[in-house]
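Engineer: just coords:
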């Protein structure tokens, strides 16, 4: 039996149209993040992972930015109908593996508070106080590699 989805490393310069599909649906349309806050200068400098369904449609994405010897995972998004099916965990694991391959000592992310448990299952530890980002409550989380 073929896998229900596959993961692919992507670059913003070559694949931004595919990468934008999921983020637009999840962040802009579903969570009402203003479009000017969604697209930033860090996309061009990040490794992106894209999940595709069996028909080649984009269903999930995330990115890894390397800065000052540390990794920053962000823009994790999975289409609503694919949540709870292992897509997000697969993307997260691929980004963590990429950080390890780059020799990074740790990765951090800013998690929406409703997703704290999701990241904690992969070993991330919450730190600091809750803060708003694009009007959505977040907490910083860190994973030592």
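Structural biologist: Okay, I see it. Note that the coordinates shown come from a computational prediction; the quantities given were computed from them, not determined experimentally. Numbering: from 1, shown residues only.
Engineer: give the buried residues for the longest helix anywhere in the chain.
Structural biologist: Longest helix of the chain, by residue count under DSSP state H: helix 87-101. Neighbour-count burial for helix 87-101 flags 87-88, 90-92, 94-96, 98-99 (criterion: 16 or more other Cβ atoms under 10 Å). The way it works is simple: take the backbone N, C-alpha and C, and place the C-beta from them, glycine included.
Engineer: any idea how far the spatially most central residue of the chain is from residue 55?
Structural biologist: The centroid of the chain falls nearest to residue 76 when counting by Cα atoms, centre = their mean (2.2 Å). Distance, residue 76 to residue 55, by Cβ to Cβ, to the nearest Å: 22 Å.
Engineer: returning to that earlier point: any idea which helix or strand comes after the longest helix of the chain?
Structural biologist: strand 106-112 (DSSP states H and E).
Engineer: so where is the chain shaky, pLDDT-wise?
Structural biologist: Where the chain drops to pLDDT under 70, the residues are 1-3.
Engineer: so which residues of it form strands?
Structural biologist: 5-10, 47-53, 58-67, 70-78, 106-112, 125-133, 136-144 (DSSP state E).
Engineer: looking at those, which is closest to residue 18?
Structural biologist: Taking Cβ to Cβ, strand 58-67 is the member of those nearest to residue 18, at 5.2 Å.
Engineer: hmm, back to that, wait, which of the strands of the chain is closest to residue 31?
Structural biologist: Closest among the strands of the chain, using Cβ to Cβ: strand 136-144, at 6.4 Å.
Engineer: packing partners of the longest helix of the chain?
Structural biologist: Packed against helix 87-101 by the contact rule (3 or more Cβ pairs under 8 Å, 6 or more residues apart in numbering; DSSP states H and E) you find strand 5-10, strand 47-53, strand 58-67, strand 70-78, strand 106-112, helix 116-120.
Engineer: tell me the angle the second one makes with strand 70-78.
Structural biologist: Compare the direction of strand 47-53 with that of strand 70-78 by axes from the mean of the first three to the mean of the last three Cα atoms, to 10 degrees and you get 20 degrees.
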